[in-house]
Structures are given as C-alpha cells and as structure tokens.
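In: Can you look at this prediction? I've put the sequence above it.
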Amino acid sequence: MNVVVGPKIGRKLITGSYVVADVMCSEDLVGAIDHALKVFDKMAHSIGPRLYSCCNCRNHVGLHDDIISKAFQGRTGRAFLFSHAMNIVVGPKEDRHLLTGLHTVADISCADCNEPLGWKYERAYETSQKYKEGKFIFEKAKIVKEDW
Ligand SMILES: [Zn+2]
C-alpha cells in the first residue's frame, strides 16, 4: 500500500532478463509532482514581460503591463492606451478635435518600418482628460501579441 507502480520495462538483471516495474512511495511521487509544478511555474514567470509588437515588422513597441485602458477608439477601431511606448517615432504636434474634446496630439509610428501605429497625447485641454497627457494610443489592429 501507499506505493506507485511505474510503467513496465524490460530490464537485464544479474539473474536474467525480466519485465519489471519500478515501485516508489506514493508520498514521494506527490512531492515530485509538486516540485515539478513549482519549477514549471518559475519557468513560466522567467519568460519575461508580455510584449506587443508592430504588426508589420515585429519591432517591440509596448508592454502589456503598461496598458491603462483597452476601451479607446482609434481611427480604424478599438485602440489601447499605454503609459509607455518604445521603439517608436513621435511626429509633429498638432491640435485635434477628438470625441473627448480638444487635444494636442502627435502621430506615432514604428521606428523600424515607419508603420503608423497610433498617436501620443501631448496635451489635453479638458481637466477630465488630463490623465492622458504623455500617454500613447496604439491601434489594436496595428499591434500584435509577441508569443503569449
Ligand atoms: Zn514596424
């Protein structure tokens, strides 16, 4: 009792060839599985941050952890608001009337392939929209998850 019988295997013993199965303590097995799960968990976390990439050239442009909101409206559809962006080029500033009021924005594009990705909020004039200043909009259709 309290043992686990492993798979049958052919094994040459001193007294000849036998089909045997290893027997191990079931308590040890639970411990072994527990250990394996912990190692796996560690591996999953060490893969690194979840990245979003340019849809065109897979240049890394944003981190999943930097998403403030996924409920924004871009030019072509759904867009995400990010607190940070990387590997992008910020274009000239211009005033633009958006659904939420007047904003100073600058278009952003991929630093590698120049694909337009969205825009940066340089300034919001409405007090309620101030939280967007310095933040980035990425069009959902322009970015892809990088292997996750
Ligand atoms: Zn690109």
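Out: Nice, thanks for sending it over. Residues are numbered from 1 along each chain as shown.
In: Now stretch 74-81: buried residues?
Out: Burial within stretch 74-81, assessed by neighbour count using 16 or more other Cβ atoms under 10 Å, is assigned to G74, A79, F80, L81. Bear in mind the C-beta positions are built from the backbone N, C-alpha and C, glycine included.
In: And for the helix or strand that I137 is a member of, what's in contact with it?
Out: Using DSSP states H and E, I137 sits within strand 136-139. Contacts with strand 136-139, where a contact means Cβ atoms under 8 Å, 6 or more residues apart in numbering, come from 52, 61-62, 72, 74-85, 88, 108, 117-121.
In: Which of those residues fall within strands?
Out: Among those, the members found in strands (DSSP state E) are 52, 61-62, 72, 78-82, 88, 108, 117-121.
In: buried subset of those residues?
Out: Among the ones in strands among the contacts of strand 136-139, those classed as buried by 16+ other Cβ under 10 Å are 52, 61-62, 72, 79-82, 88, 108, 117-121.
In: and those residues, which two are the farthest apart?
Out: Using Cβ to Cβ, these reach their maximum pairwise distance at Y52 and Y121, which is 18.1 Å.
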